[in-house]
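S.K.: Have a look at this fold, sequence not included:
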């Protein structure tokens, strides 16, 4: 059994009438990577603050392993904005710097000397600054000499993350570490945590991240902590089974109470002593609380006004700034009911493209033509600003008692209940809401605006897993156009039918299909590029040895023609995929779509067989 890092038992904590923890606890062992999940506002961030001692529990205790080092990346982390990026991250090395200083100043015969050497070796911390520079490079942090007050939100998060992980604490606590980070950086964090020698507890809504990193999922639900081994899918299955058992037990309890109620109400006092046990069982059952279930958000996007055949068309659109090309001559036509994902590293031009589409930014060249029937509902990365002094009701109502959702007109109170705001919270000032409640309020404010062309820039940040699933389903059923800028791979796969990818160095491409399919095609393109480069620089073929006699004359002829055969197949596959990717595909080739899809499938099978045969023939020459 692995060493216990910390153990929490009998924890209780409440804010006003809201019970966040209700006589619950958990034990964490060395080497575990635990995903802490639950609805927004359930108390996940509060629980992490309790682990660090920043928040005191009302009841219960937390016992820690001896000399436990804890680092915590909060959602609302802070950097010293008067200092540079380098100086802020260097603060994270304090433990190793002190360790080295102590080691160098102790006499060699000191008993402490050997222990310090072992600790330094364990973390490979003889050159901590070099280690820090490597992490900064991998996390793509801003330039070391930049002042932190000049950084964007994403840049600050990368710097704070580097500062948090650089000292390899025994227990690493991360609250939504992937928010505002690009896919490449998230992949690095996944690899880093998967190989992490310490213990990690993290809060995330990124389901791919959860599946790649977590060894266990712990859910905080109605004040109780529930543990599930395995993946996100196994967590959902385990949760459903638990709730089924709880509901069945509650039905049995209610049935027992109903059957005993008549007897209890007429039981004579003279017979009370003989029936004390029966009465005790009744009292215990009556004292048990009913099973509490929090409903799902009633997430309904207002019906979109009908769009014509033409929606938005980009014609040779390009964007340059300070001599750097962010968007080359890009052509694309958005059609009614399309769901397009936009991906790429931060700073490559994704948000600029959105502003060109909506007319907020003029392209360097080209034009964006928008049909008169288009009504944009554009939610930028800064999200909607909430007035902290207003109540939830005032923020959504904005002086009105009703919200109009398409043809439907409903009261503000009813609308907010769809987003799980109870009466007390509807009357609460926004400054007193949890981060999760603010995220739900923002979503409510976004969706009431309507429109038939939704543009969502990082909509998944701060939403809990259940809300994300509902948003995915609502967007999938939405009949207007949708553009989603996101680094949430699971979300992109669930929602999108096409991907516009900013691949850096002014390269923007469109890929038909979901995000996984885009990645698959990009890997194929990268392989071809590497193969072409290798072919240019490879030396002339060596003289054939006797081993070549393993091939027959017929096989020699087959091998000689194999490269040309493969190139023909690849060319045909690319030709048909380009037809599918064209914005006017359904206009020009809609009647042939099934035939072309079958042809594409057959060509891919032939290509795979040709590659396999080519490899088989070449192996005979080895």
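M.R.: Looks like it came in fine. In this text the structure is predicted, and so the values were computed from the model without any measurement.
S.K.: Sketch out the low-pLDDT regions of the stretch 151-300 of the chain for me.
M.R.: Residues of the stretch 151-300 of the chain meeting the criterion pLDDT under 70: 262-276, 278-279, 282, 285-300.
S.K.: all helices of it, in order?
M.R.: With DSSP state H, counting those that start in this stretch, the ranges of helices along the stretch 151-300 of the chain come out as 153-165, 183-194, 207-213, 232-266, 276-287.
S.K.: before we move on, what about the stretch 301-450 of the chain?
M.R.: Remark: helices assigned in the stretch 301-450 of the chain by DSSP H, counting those that start in this stretch are 350-357, 392-397, 412-417, 423-426, 435-447.
S.K.: The one helix or strand residue 598 maps to: which residues count as buried?
M.R.: Element membership for residue 598, per DSSP states H and E: helix 593-619. Buried positions in helix 593-619, judged by neighbour count with 16 or more other C-beta atoms under 10 Å: 600, 603-604, 606-607, 610, 614, 617. Using the backbone N, CA and C atoms, a C-beta is placed for each residue, glycine as well.
S.K.: a markdown table please, covering those residues and showing distance to residue 169.
M.R.: Formatted as a markdown table, the buried residues of helix 593-619 follow (distance: C-beta to C-beta, whole Å):
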| residue | distance to residue 169 |
| --- | --- |
| 600 | 51 |
| 603 | 53 |
| 604 | 48 |
| 606 | 54 |
| 607 | 49 |
| 610 | 52 |
| 614 | 50 |
| 617 | 54 |
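S.K.: What is the most widely separated pair among those?
M.R.: Based on C-beta to C-beta, the longest span within these runs between 600 and 617 and measures 26.1 Å.
S.K.: can you pull the contacts of residue 344?
M.R.: Contact partners of residue 344, counting by C-beta atoms under 8 Å, 6 or more residues apart in numbering, are 182, 350, 501-504.
S.K.: mind redoing it with 6 Å?
M.R.: 350, 501-502 (C-beta atoms under 6 Å, 6 or more residues apart in numbering).
S.K.: Isn't residue 38 up against residue 47?
M.R.: No: shown here, residue 38 and residue 47 do not form a contact pair, counting by C-beta atoms under 6 Å, at 9.2 Å.
S.K.: okay, these two: which has more neighbours?
M.R.: residue 47 (26 against 22; other C-beta atoms under 10 Å).
S.K.: and whatever helix or strand that one lives in with helix 435-447, angle?
M.R.: Residue 47 belongs to helix 44-52 when elements are defined using DSSP H and E. Computed with axes from the mean of the first three to the mean of the last three C-alpha atoms, to 10 degrees, the direction of helix 44-52 lies at 160 degrees from that of helix 435-447.
S.K.: Least confident secondary structure element in the protein?
M.R.: helix 585-589 (a mean of 63; mean pLDDT, DSSP states H and E).
S.K.: May I see the helices of the stretch 301-450 of the chain organised as JSON lines, with distance to residue 567 and mean neighbour count added?
M.R.: Output for these, formatted as JSON lines (distance: least, C-beta to C-beta, whole Å; neighbours: other C-beta atoms under 10 Å):
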{"stretch": "helix 350-357", "distance to residue 567": "34", "mean neighbour count": "22"}
{"stretch": "helix 392-397", "distance to residue 567": "60", "mean neighbour count": "20"}
{"stretch": "helix 412-417", "distance to residue 567": "59", "mean neighbour count": "18"}
{"stretch": "helix 423-426", "distance to residue 567": "63", "mean neighbour count": "14"}
{"stretch": "helix 435-447", "distance to residue 567": "49", "mean neighbour count": "21"}
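S.K.: what's the closest of the ones you listed to residue 168?
M.R.: Per C-beta to C-beta, nearest to residue 168 of the helices of the stretch 301-450 of the chain: helix 435-447, 27.7 Å.
S.K.: Thanks again, I'm all set now.
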